[in-house]
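Novice: Just a sequence and a predicted model for now, questions to come.
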Amino acid sequence: MTTTRRDLLTGALTAAGATVSPRLSEATPADHDHDHDPGGDTQAAPSDPALRAKALESVLVAKGLVDRAALDAVVDAYEHQIGPRNGARVIARAWVDPAYKQRLLTNASAAIAELGFGGEEGECMVVVENTPRVHNLVVCTLCSCYPWPVLGLPPVWYKSAAYRARSVIDPRGVLKEFGLELEPEVEVRVWDSTAEVRYLVLPERPAGTGKLNEAQLAALVSRDAMVGVARVTSGPAEA
Ligand code: FE
């Protein structure tokens, strides 16, 4: 008889009184996205993170070590309260306040904290500025490191193996697939976020927005522009 890690996890989960839904049971290695395993093939490793997290949560709750309501509050905070609107406020402030922009480019963590944002997954931030000659693109080649306090949780494509690999090998091709075709004379700089340092792109302020106030400017700034896979346009942001 062979006992797999999945059997053990499933056993722990059901022993703790939880049920394994068919969807959870069918979790595939493709769901795996955040094992820090620089020595191995992280994408092919047999792992079921959703199942593992659920089993761990169930055991911790059953033992009275964590409060399920507290966990729900954390998830709710990152899903609904913290997100790219925070980053958009940072960008808009930089566009209207040159002194703030300077602080943002020299000590991003402190400047972002001035607006009340910071903390876990955003302790050490670096902001890189797009100009007519330079376009910045952010990736985490190892896994999915991302600045949560200003952008929320990373989108699925950011965590995909294709984005992580191809952003480094062929950034212009990746940008083209996102609908952003850069002029040949524009230099592309790719920044590899890690657990220690996370990057945020300061996009160019679009032309024709001179009369907009800070809040109106923030409404133009999309998540994708702050990762560097889009530019900011004078229309409303989609994300
Ligand atoms: Fe990562």
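Specialist: All right, it came through fine. Numbers count the residues shown, from 1 in each chain.
Novice: C-alpha only now, for contacts and for neighbours.
Specialist: Will do.
Novice: could I have the helix or strand harbouring Ala55 exported to CSV, CA atoms only?
Specialist: Element membership of Ala55 [criterion: DSSP states H and E] is helix 49-62. In CSV, the C-alpha atoms belonging to helix 49-62 read as follows (Å, rounded to 0.1, in the frame of the first residue of the first chain):
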residue,chain,number,x,y,z
PRO,A,49,-1.5,24.1,-1.5
ALA,A,50,-5.2,24.6,-1.2
LEU,A,51,-5.6,21.2,0.4
ARG,A,52,-2.6,21.7,2.6
ALA,A,53,-3.7,25.2,3.8
LYS,A,54,-7.2,23.9,4.5
ALA,A,55,-5.8,20.9,6.5
LEU,A,56,-3.5,23.2,8.5
GLU,A,57,-6.3,25.7,9.2
SER,A,58,-8.7,22.9,10.3
VAL,A,59,-6.1,21.4,12.7
LEU,A,60,-5.2,24.8,14.2
VAL,A,61,-8.9,25.7,14.7
ALA,A,62,-9.6,22.3,16.1
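Novice: That helix: how far from the chain's middle?
Specialist: Distance of helix 49-62 from its chain centroid, counting by Cα atoms, centre = their mean, to the nearest Å, is 23 Å.
Novice: who touches the residue most central in space within the chain in this structure?
Specialist: Nearest residue to the geometric centre of the chain (Cα atoms, centre = their mean): Pro154, 3.0 Å. With contact taken as Cα atoms under 8 Å, 6 or more residues apart in numbering, Pro154 is in contact with Ser144, Tyr146, Trp148.
Novice: a helix runs through it, doesn't it?
Specialist: No: Pro154: not assigned to a helix; according to DSSP: H, G, I helix; E, B strand; the rest coil it is coil.
Novice: re earlier: restrict the contacts of Pro154 to contacts with the ion.
Specialist: Among those, the residues that sit close to the ion (Cα under 5 Å from the ion) are Ser144.
Novice: so Ala99, which of the three states?
Specialist: Under three-state DSSP, Ala99 comes out as helix.
Novice: so what's it up against?
Specialist: Counted by Cα under 8 Å, 6+ apart, Ala99 has zero contacts.
Novice: Against Ala111, how distant is it?
Specialist: 10 Å (Cα to Cα, to the nearest Å).
Novice: thinking again about what came up before, if you rank the contacts of Pro154 by neighbours, which is first?
Specialist: Tyr146 (28 neighbours; other Cα atoms under 10 Å).
Novice: Where does the prediction get shaky in the protein?
Specialist: Low-confidence segments of the chain (pLDDT under 70): 1-47, 236-239.
Novice: got the residue ranges for the strands in it?
Specialist: With DSSP state E, the ranges of strands along the chain come out as 125-129, 134-139, 187-192, 198-202.
Novice: Listing partners with orientation, what would you give for the first one?
Specialist: Which is strand 125-129. The pairing partners recorded for strand 125-129 under DSSP bridges are strand 198-202 (parallel).
Novice: what's the offset of the partner strand from the middle of its chain?
Specialist: 11 Å.
Novice: Let the chain start at 365 from now.
Specialist: Yep, numbering from 365; the last one is strand 562-566 now.
Novice: now the angle between strand 551-556 and that strand, please.
Specialist: On the basis of axes from the mean of the first three to the mean of the last three Cα atoms, to 10 degrees, strand 562-566 is oriented at 150 degrees to strand 551-556.
Novice: what's strand 562-566 in contact with?
Specialist: Strand 562-566 is contacted from outside by 455, 486, 488-494, 500-502, 509-511, 555-557, 589-592, using Cα under 8 Å, 6+ apart.
Novice: please redo it, this time with the cut-off set to 7 Å
Specialist: 455, 486, 488-494, 500, 502, 509-511, 557, 590-592 (Cα atoms under 7 Å, 6 or more residues apart in numbering).
Novice: try stretch 497-515
Specialist: Contact partners of stretch 497-515, identified using Cα under 7 Å, 6+ apart, comprise 397-398, 400, 402, 446-448, 450-451, 481-483, 485-486, 492, 494, 518, 522-523, 528-529, 531, 549-559, 562-563, 565, 587, 591-593.
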